[in-house]
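Asks: below is the structure, and that's it, no one-letter string:
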């Protein structure tokens, strides 16, 4: 039941983000679905793998694929779905902990939290770059034949 509420919360959060930032109205429900898929993929990978960075990477790959599919389906840029989809995965708590430990004077814990933050952010960026490049390659192959 907790997982269900997590997915509903991710849906509502991403939907609210889309409304606040004036995403196209026809895309709002798909933005919420993207957020739920994102968080669901992360939770599933977290249970299977146990590593946060790997789980975020796999969830980001899923977001990239869903974003490309949704973008083609309703004819909007994939970026609309990517930005909303990664929102639940953004490493806010590790970034906060980085600043907290540094300001407290505990530089080793701050460095550790900072490295975690950079690894998570890097895994998101790398996964989105992979799916975007793969989508462009696939489209170019379809257009050439």
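Replies: Yep, that arrived. A quick note: this is a predicted structure, and the numbers were derived from the prediction, not measured. Numbers count the residues shown, from 1 in each chain.
Asks: mind jotting down where the helices sit in this structure?
Replies: 2-20, 28-48, 52-74, 78-86, 92-104, 107-144 (DSSP state H).
Asks: next, format those as a markdown table and append mean neighbour count and mean pLDDT.
Replies: Using the backbone N, CA and C atoms, a C-beta is placed for each residue, glycine as well. Rendered in a markdown table, the data for the helices of the chain read as follows (neighbours: other CB atoms under 10 Å; pLDDT from 0 to 100):
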| stretch | mean neighbour count | mean pLDDT |
| --- | --- | --- |
| helix 2-20 | 16 | 93 |
| helix 28-48 | 21 | 94 |
| helix 52-74 | 20 | 94 |
| helix 78-86 | 23 | 91 |
| helix 92-104 | 14 | 95 |
| helix 107-144 | 15 | 92 |
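Asks: what about residue 84, distance to residue 76?
Replies: Residue 84 sits 11 Å away from residue 76, taking CB to CB, to the nearest Å as the criterion.
Asks: same check, this time on residue 48
Replies: In this structure, residue 48 and residue 76 are separated by 32 Å, where distance is defined by CB to CB.
Asks: next: residue 38.
Replies: The gap separating residue 38 from residue 76 is 17 Å, by CB to CB.
Asks: so who does the closest residue in space to residue 102 that isn't next to it in sequence touch?
Replies: If you skip the residues right next to it in sequence, residue 102 has residue 110 as its closest partner in space, 3.8 Å away by CB to CB, 6 or more residues apart in numbering. By CB atoms under 8 Å, 6 or more residues apart in numbering, the residues touching residue 110 are 97-102, 104.
Asks: what's the farthest-apart pair in these?
Replies: Of all pairs drawn from the contacts of residue 110, the one with the longest distance (CB to CB) is 98 and 104, at 11.0 Å.
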